[in-house]
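Peer 1: okay, here's the prediction I keep looking at, along with the sequence it came from:
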Amino acid sequence: MSYVALTGGVGGAKLALGLTHLLPADELTFIVNTGDDFRHLGLHVSPDLDTLMYTLSGLSNEETGWGRRGESWNCLESYGALGGETWFNLGDRDLAVHLRRSELLQQGVPLHEVTRRLNSAVGVDVRILPMTDDAVATRVLCETGELAFQHYFVRKRCEPVVSGIRFDGAETAQCAPGVMEALHDPALAGVLICPSNPYLSVDPILAVPGLRQALVDCAAPVIAVSPVVGGEAIKGPTTKIMAELGLPLTALTVAEHYADFLDGFIIDLCDEGLLAQSLSMPMVAAQSVMRTLDDKVQLAQTALAFFERL
């Protein structure tokens, strides 16, 4: 029996941690967004891959919600004093990861293998795959022009009004080795779309040719957890983007966004009234805001039980 989860950064990583407490490592595969990847200070930075690695290894900074615990900032401070831009925070320990990734990539090692080596080095044995080894860049179309994702998300703090999103390079990208194999595994028991931003974190994964169709054709049930609770985003600019794109601020909008491949949908208990408006798919209500490890494990248990039911 095996399970696959599609995830972005912080929100998805929380549920991923819950899954690892319930399933053996050899039964789990995480397919991770790399549309956020970019070059900074000459280094290849993979924010979502690193967030998952830090979360599953116990190295994540629980106070900030991003980066590594026990971090220091000597390099960034010195770099800023020399006139360098410091809008994207890279701590000293975090820099070591980007240095090593960049070094291996320059040696010709593909991103999926680099990811395996980095995770193995910090004790993570579950399979974590980038959606592709190829360069795919999320570009945010704003009233002020087009922005690279990190410039929109971090430098501009999501302030510009969004009119569209595109994924540069996706049309020619190929799924990373292992991605299609995981989705076509005869023992596959379910595919879970984690509560990551549908438009900025999950859509880049689905934009890789063949991946969305693989979910449509998947013999195992595909379910998603809503990142929208009570009309608000659990984290990040999900509902801000929905409003700017003229979409209803409800969990059901997310379900409709995935409707072509979705077999089930998990909403929060506070949205239980939406069950009466259910789309043509089963829905369950559960505590989906994950503040503690128990919350993460319980939501993962709900998802696994939903797979069995379907």
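Peer 2: Right, received. Where do you want to start? Numbers count the residues shown, from 1 in each chain.
Peer 1: all contacts plus neighbour counts: C-alpha atoms, from now on.
Peer 2: Will do.
Peer 1: now do the helices in the stretch 151-300 of the chain.
Peer 2: Assigned helices in the stretch 151-300 of the chain, in chain order: 179-183, 203-206, 211-216, 238-244, 251-257, 293-309 (criterion: DSSP state H, counting those that start in this stretch).
Peer 1: for residue 22, which of those helices is the nearest?
Peer 2: helix 293-309 (7.4 Å; C-alpha to C-alpha).
Peer 1: mind listing what's buried along the closest one?
Peer 2: Buried residues in helix 293-309, counted by 16 or more other C-alpha atoms under 10 Å: 295, 296, 297, 298, 299, 300, 301, 302, 303, 304, 306, 307.
Peer 1: packing partners for it?
Peer 2: Applying 3 or more C-alpha pairs under 8 Å, 6 or more residues apart in numbering; DSSP states H and E, we find helix 293-309 packed against helix 10-20, strand 188-193.
Peer 1: for the chain, name the helix or strand with the lowest mean pLDDT.
Peer 2: Within the chain, no helix or strand scores below strand 232-233, which has a mean of 88 by mean pLDDT, DSSP states H and E.
Peer 1: who touches that one?
Peer 2: With contact meaning C-alpha atoms under 8 Å, 6 or more residues apart in numbering, strand 232-233 is reached by 227, 239, 249, 250.
Peer 1: would you convert those into JSON lines that also reports distance to residue 267, neighbour count and pLDDT?
Peer 2: Formatted as JSON lines, the contacts of strand 232-233 follow (distance: C-alpha to C-alpha, whole Å; neighbours: other C-alpha atoms under 10 Å; pLDDT from 0 to 100):
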{"residue": "227", "distance to residue 267": "8", "neighbour count": "28", "pLDDT": "96"}
{"residue": "239", "distance to residue 267": "15", "neighbour count": "23", "pLDDT": "93"}
{"residue": "249", "distance to residue 267": "13", "neighbour count": "20", "pLDDT": "94"}
{"residue": "250", "distance to residue 267": "10", "neighbour count": "20", "pLDDT": "93"}
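Peer 1: and those residues as TSV, adding distance to residue 143?
Peer 2: Converted to TSV, the contacts of strand 232-233 look like this (distance: C-alpha to C-alpha, whole Å):
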residue	distance to residue 143
227	25
239	18
249	21
250	24
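Peer 1: farthest-apart pair in those, please.
Peer 2: The span of these, defined through C-alpha to C-alpha, is set by 227 and 249 at 11.1 Å.
Peer 1: shaky segments in the chain?
Peer 2: Confidence mapping of the chain against pLDDT under 70 gives the ranges 278.
Peer 1: which residue ranges of it form strands?
Peer 2: 2-7, 28-32, 38-40, 43-45, 127-130, 137-142, 145-148, 162-168, 188-193, 222-225, 228-229, 232-233, 264-268, 283-286 (DSSP state E).
Peer 1: and the end-to-end length of stretch 103-122?
Peer 2: Using C-alpha to C-alpha, to the nearest Å, the end-to-end distance of stretch 103-122 comes to 18 Å.
Peer 1: buried residues in that stretch?
Peer 2: Buried residues in stretch 103-122, defined by neighbour count with 16+ other C-alpha under 10 Å: 104, 110, 111, 112, 113, 114, 115, 116, 117, 118, 119.
Peer 1: tell me which of the residues you listed is nearest to residue 17?
Peer 2: Of all the buried residues of stretch 103-122, residue 119 has the smallest distance to residue 17: 14.2 Å, by C-alpha to C-alpha.
Peer 1: name the nearest residue to the closest one, ignoring sequence neighbours.
Peer 2: Here the nearest residue to residue 119 in space, its sequence neighbours aside, is residue 53; by C-alpha to C-alpha, 6 or more residues apart in numbering that works out to 6.1 Å.
Peer 1: is the one you found in contact with residue 117, as I believe?
Peer 2: No: in this structure, residue 53 is not within contact of residue 117 by C-alpha atoms under 8 Å, at 11.1 Å.
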